[in-house]
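>>> The sequence and its predicted three-dimensional model are supplied below.
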Amino acid sequence: MHLFRDVLDKQVEDREGERMGRVDAIVVEIRDGRPPRVAHLELGFVPLARRLHPRLEAIAERWHKRLGVRRSARFHLIWSEVLDVDIHRVQADVMADETPAQDWERWLRRHIIERIPGASRDEK
Amino acid sequence: MKKILQLFLGILTAIGGFFDIGNLVTASQAGAAFRFQLLWALALGTLMVIFLVEMSGRFAAVTKKPIPCAVREHLGARVWLAPFVVLVVLHFLTLGAEIGGVAFALQLVTGISFQLWAIPVGILMWLFLWRATFDAIEYSTSTLGLIALCFVVAAVMYHPAKSDVLSGLLPSLPKQDAAKYWLYAVSIIGALIAPYMFYFYSSGAVEDEWDPTYLTVNRFVSVSGMAFGAVITGAVIVVAGLVLHPLSIGVDSINQTAFMLTGAFPFWGFALFAATMAIACVGASTEVGLSLAYTVAQTFGWNWGQSLEPKKDARFALTYTVAILLATLLMVLGIDPLKLTIYTMALNATVLPIVSIPFLLLMNDGHLMRQFRNGPIANAAAGIIVIISIVLFFVSIPLLIVGG
């Protein structure tokens, strides 16, 4: 597997196929005398901003702290929790709604979307 | 059977998405100022958009990925950054222009200012996206969009000289107002290949769960849908050329163009013009609003899909909600929809290389496209599109300054 080609920037889905973000960064552990190993994947605006420009990372980090919606700016998806990698997705053995990656989705759903009538289409 | 239905509806949708405020304004301007002389720009732009739409549909059917997903996944976040920013800005400006178009059509009929009309228009548009499924949106706006055929009927009823129309299809140099001539040519092309056309189409193909068995449907839809749309836009040029040109009326405000159809439809002409404008802009604005939300959600890997209910994709639903709110605000503040349209269409032409080149590169990725990758004809077309788009990149802003 090529990490850059097959993993970085790919869609991450939870074990039920719920989309939960993209692989915004890959963290590799360098070990003495042994080959490097993928420690975890990072999901979040802050690691994404870091790849674009260090100053953007600082801005994203500041907003993350100010808004305080997400529990952590970088959600670490441990490599051992990755179930499958194919051309369409990286599937993770987690429940999206329980991770910080979905904190914003959950917050917006609860505080804004669900307060607007008609947010579920089947309700009569 | 399902495919025949898809084919029919797809063509309707393609026409519906094709004809919008951008085409109406740029075509009326071109006809009023240069009669049929700029028909060639329409023909050239239509050929380009046919190839782009066919490729984006083929790409989505084969890879099951819409363009934003594919570019970020296969070329990386840094490559995708510039197209992404440009797309968000342009989608937003286009959304403002379309909402302004609906509001302006209502102003024509009622005399009440478009700034006031923008509010109910924005609310209704949002409600439509909030409540309706993808299919409902696609089919209702596209079927209603057929009202634009009144321009074709009018063009035939005005009996233009065939030889004049045909000679307009051949590029020619202007006798005067060269800067304006080239600006209008660029704007016509910019209105035809608005990025939302092929970005929306690719997300729509994924929403409709296309696979490689849909490639024939895709080819028919892209060719005939765009060609029909071009016939309607061509009819606007012809009608404007016959009605507005002899009176030396420029298109400085939409009021001046609204009687274009009254010669053909004495009683209904004015109302038909307003209805066509309103419906075309409603159809396009829903597509643009959705396309903006698709682009953002796919870039960040959020849940997306117009067939999902808003609480299942909160960030996606919120994206179009905020976009509609801000675009409506733009109109309420009194930004002239006509000027906004003209600037946005020229910008569309400017950014074409940024939004199309990464995608055209992926069309040749054998790993992704397998045996469906671009053949020599499609690649020749892609090469010509890239060359033209680079020319447009350099000339459109200077032309806007000199000619606008």
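Noted; the coordinates are in hand. Numbering: from 1, shown residues only, chains lettered A, B, ... in the order given.
>>> OK, contacts around B:A275?
Contacts for B:A275 were tallied using C-beta atoms under 8 Å, 6 or more residues apart in numbering or on different chains; they are B:105, B:147. Backbone N, C-alpha and C define where each C-beta goes, glycine included.
>>> can you tell if stretch B:211-225 touches chain A?
No. Using C-beta under 8 Å from any C-beta of the partner chain, stretch B:211-225 never reaches chain A; the gap is at least 13.2 Å.
>>> Report the mean per-residue pLDDT for that stretch.
Mean per-residue pLDDT for stretch B:211-225: 93.
>>> That stretch: which residues count as buried?
Under the neighbour-count criterion of 16 or more other C-beta atoms under 10 Å in any protein chain shown, stretch B:211-225 has B:214-215, B:217-218, B:220-225 buried.
>>> what's near enough to touch B:A33?
Residues near B:A33 by C-beta under 8 Å, 6+ apart: B:177, B:180-181, B:184, B:245, B:250-251.
>>> Repeat that for B:D252.
The neighbours of B:D252, taking C-beta under 8 Å, 6+ apart as the test, are B:L338.
>>> Which of the three states applies to it?
Following DSSP: H, G, I helix; E, B strand; the rest coil, B:D252 is assigned to coil.
>>> What about residue 117, how many residues nearby?
By default, I'm working from chain A. Applying other C-beta atoms under 10 Å in any protein chain shown, we find 9 residues neighbouring A:P117.
>>> wrong chain, I was asking about chain B
B:W117, neighbours per other C-beta under 10 Å, totals 23.
>>> Apart from its chain neighbours, what residue comes closest to it?
Excluding the flanking residues, the one nearest B:W117 by C-beta to C-beta, 6 or more residues apart in numbering or on different chains is B:A103, at 3.8 Å.
>>> My read is that the one you found contacts B:L338, right?
No. Judged on C-beta atoms under 8 Å, B:A103 makes no contact with B:L338 at a distance of 11.9 Å.
>>> buried sites along the longest helix anywhere in chain B?
For chain B, the helix reaching the highest residue count under DSSP state H is reported as helix B:77-110. By 16+ other C-beta under 10 Å, the buried positions in helix B:77-110 come out as B:77, B:79-81, B:83-84, B:86-88, B:90-108.
>>> Kindly tell me how buried B:I112 is, as a neighbour count.
Count around B:I112 with other C-beta under 10 Å applied: 11.
>>> Around chain A, pick out the residues from chain B.
Counting by C-beta under 8 Å from any C-beta, chain B sits next to chain A at B:63-65, B:69, B:72-74, B:76-78, B:81, B:130-131, B:133, B:300-304, B:309-311, B:314-315, B:317-318, B:368.
>>> Kindly recompute the last result at 7 Å.
Applying C-beta under 7 Å from any C-beta of the partner chain, we find that chain B lies next to chain A at B:64, B:69, B:72-73, B:76-78, B:81, B:130-131, B:300-303, B:309-311, B:314-315, B:317-318.
>>> In terms of secondary structure, what does the longest helix of chain B contact?
helix A:45-52, helix B:21-34, helix B:67-75, helix B:114-131, helix B:195-207, helix B:269-300, helix B:314-332, helix B:337-362 (3 or more C-beta pairs under 7 Å, 6 or more residues apart in numbering or on different chains; DSSP states H and E).
>>> The third one - contacts with which helices or strands?
Packed against helix B:67-75 by the contact rule (3+ C-beta pairs under 7 Å, 6+ apart) you find helix B:39-63, helix B:77-110, helix B:269-300, helix B:337-362.
>>> give me the number of residues near the closest residue to A:L48 other than its chain neighbours?
Computed as C-beta to C-beta, 6+ apart, the closest residue to A:L48 that is not its neighbour in sequence is A:D24, at 4.0 Å. Per other C-beta under 10 Å, the neighbour tally for A:D24 reads 25.
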